[in-house]
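In: Give me a model of this one.
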Amino acid sequence: MWRWLVDTILPTNRYNHSMQNTQQTSAFDVIVIGAGASGMVASIILARQKYRVLLLEKLPQIGAKLNATGGGKCNLANTLSNEEFMGHFGREGRFMSEALNAFDASKLREFFQEIGVETHVPDGRRVFPKTHSSTTVVQALESEMKRLDITLLCSQKVEKLLYQDGCIKGVVANKKEFYAPYVILSTGGLGYSNLGAQGDGYALVLDLGHTIKKPYPAMLPLFTKETWVAQCRADTIPKATLHVDLPKYKKVRFCGDLIFTSKGIRGPVVLDSAREITPLLDSYESVPLLVNLTQGLNEEQIYQALKQAHLQNPQNAISLHVATVLPISVATALCLHVGIEPDARWAKLSGEQRSALVKILAWTPLHVSGHEGFKNAMITRGGISLKEICPKTMQSKLISGLFLCGEVVDLDGPCGGFNLQWAFSSGYIAGHLGKQINF
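Out: Coordinates of the predicted model:
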């Protein structure tokens, strides 16, 4: 029976920052906080091991953020090797080694096939449900939880974690106490705040002594100081290359499609790079970028392309020559940006003007001045310190019986199924409560 509880008959007791030394009765073996990707998988894995599971969700429905993932298409994972996969998370990527060994993309696909979700890899790398609908994924997880008789309470805000002598004892939600010897915290971060993300998990573990690395919005559009971008918002630039023009970041580059907006830039290359850029705005009024918009052409190649366009059509305006390598709106805007009239002729340009034009086409300078914050951030950079979590089990090193998984911990990756795979994998390993997993 699928129990959508709206109340509980468990007794309430006074509580402080820890449990009182009174004997309590446990109604559940494990309490999972947060019915997102990691929380639902953890609950299913637990219930399959015959644990009595209580799943608490703050919102009226489950999987709200999962439903929004990838514009509703739900890029579940990708087919990179585990080593390559971890490399995309930067220095902290090795932390997920145990979780990936236990539940990598192939095992993830097997899991979803078991619960009725067929997946495929249409581009040879990214794993999607064949329906390309996140609704399919959420409904399948919900059906499996029903089948396993997991107790779910929605509209339940967890206010406190109960513990005693360094051991977890339960939680307080909506002013009622629930007891269990194990708690899995999978509340997510601050991304998509309009879907209920408020960083609840951070406050819960701070009381227990955990450290929170400052959260920043990641995977979101960025605002620029340059206003000319507004004239180009109808165009997408394929295979743009972007890097931060600061000494420590020159070797860090991102490649992907770029889209201009009325206030700045967006697109896959921007979403991937935002996780590196947003923390820098704490130290810089604006963050300088250099962007190659010409699919990797260097200055010499661009010069030759413009010269060839002139030889073929000497009467054409310079903006039309530039339009052989860029959309006309961008060509026009960049000509004006370096002080060249878009209808000028190549032959009439001075050497200095030609050099300035070629240079800005090879590496276009932009300055990130801000963003919309967590409202439109798909994920969070920062969270619970990995130093305080055991990577083999996802158990807290500070509080026995407390497990932490998904976006609430300090681990984030780029677009392409990285973050969902991490959520599923960490939920899977947390769901084993420290037991040995056969890889």
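In: Restrict stretch 429-439 to CA atoms and write it as PDB.
Out: The C-alpha coordinates for stretch 429-439 follow below in PDB (Å, rounded to 0.1, in the frame of the first residue of the first chain):
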ATOM      1  CA  ILE A 429      25.900   3.800  -2.400                       C
ATOM      2  CA  ALA A 430      24.300   5.700   0.500                       C
ATOM      3  CA  GLY A 431      21.400   3.300   0.200                       C
ATOM      4  CA  HIS A 432      23.600   0.400   1.200                       C
ATOM      5  CA  LEU A 433      24.300   2.000   4.600                       C
ATOM      6  CA  GLY A 434      28.000   1.100   4.600                       C
ATOM      7  CA  LYS A 435      27.500  -2.500   3.600                       C
ATOM      8  CA  GLN A 436      30.100  -4.000   1.200                       C
ATOM      9  CA  ILE A 437      28.900  -3.600  -2.400                       C
ATOM     10  CA  ASN A 438      29.800  -6.200  -5.000                       C
ATOM     11  CA  PHE A 439      31.000  -4.300  -8.100                       C
END
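In: Residues touching that stretch, excluding its own?
Out: Residues from elsewhere that reach stretch 429-439, judged by C-beta atoms under 8 Å, 6 or more residues apart in numbering: 30, 38, 41-46, 49, 51, 98-99, 101-103, 182, 184, 186, 392-395, 403-405. Any C-beta I mention is one placed from the backbone N, CA and C, and that applies to glycine too.
In: Filter those down to the buried ones.
Out: 30, 38, 41-46, 51, 98-99, 102-103, 182, 184, 186, 392-395, 403-405 (16 or more other C-beta atoms under 10 Å).
In: Give me the subset of those residues lying in helices.
Out: Ser38, Val41, Ala42, Ser43, Ile44, Ile45, Leu46, Glu98, Ala99, Ala102 (DSSP state H).
In: What is the nearest of the residues you listed to Gly373?
Out: Ser38 (23.5 Å; C-beta to C-beta).
In: mind checking how far the closest one is from Cys415?
Out: Per C-beta to C-beta, to the nearest Å, Ser38 is found 18 Å from Cys415.
In: do the same with Thr151
Out: Distance from Thr151 to Cys415, by C-beta to C-beta: 35 Å.
In: swap in Val229?
Out: Taking C-beta to C-beta, one finds Val229 at 21 Å from Cys415.
In: ranges for the helices of the protein?
Out: Counting by DSSP H, the helices of the chain are 37-48, 64-68, 82-87, 97-102, 105-114, 134-147, 200-206, 268-277, 299-312, 318-322, 328-337, 351-362, 418-430.
In: In the record's domain split, what are the boundaries for the chain?
Out: Domain assignment for the chain, taken from automatic domain parsing, gives 3-217+380-430, 221-371.
In: Tell me how many other residues crowd Pro60.
Out: When neighbours are defined as other C-beta atoms under 10 Å, Pro60 has 9 of them.
In: Find the centremost residue of this protein, please.
Out: Ile379 (3.4 Å; C-alpha atoms, centre = their mean).
In: ok, it touching Ala218?
Out: Yes: contact criterion C-beta atoms under 8 Å: Ile379 and Ala218 qualify, at 5.0 Å.
In: Where does pLDDT dip in the stretch 301-439 of the chain?
Out: Low-confidence segments of the stretch 301-439 of the chain (pLDDT under 70): 438-439.
In: let's go with 80 and repeat that
Out: 436-439 (pLDDT under 80).
In: Okay, strands next: where are they in the stretch 151-300 of the chain?
Out: Along the stretch 151-300 of the chain, counting by DSSP state E, counting those that start in this stretch, strands occupy 151-153, 158-164, 167-173, 176-179, 182-185, 212-218, 222-224, 236-244, 253-260, 264-266, 287-292.
In: Throw the domains of the chain into JSON lines and include distance to Ile437, thanks.
Out: Below are the domains of the chain laid out as JSON lines (distance: least, C-beta to C-beta, whole Å):
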{"stretch": "domain 3-217+380-430", "distance to Ile437": "5"}
{"stretch": "domain 221-371", "distance to Ile437": "30"}
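In: Thanks a lot, see you next time.
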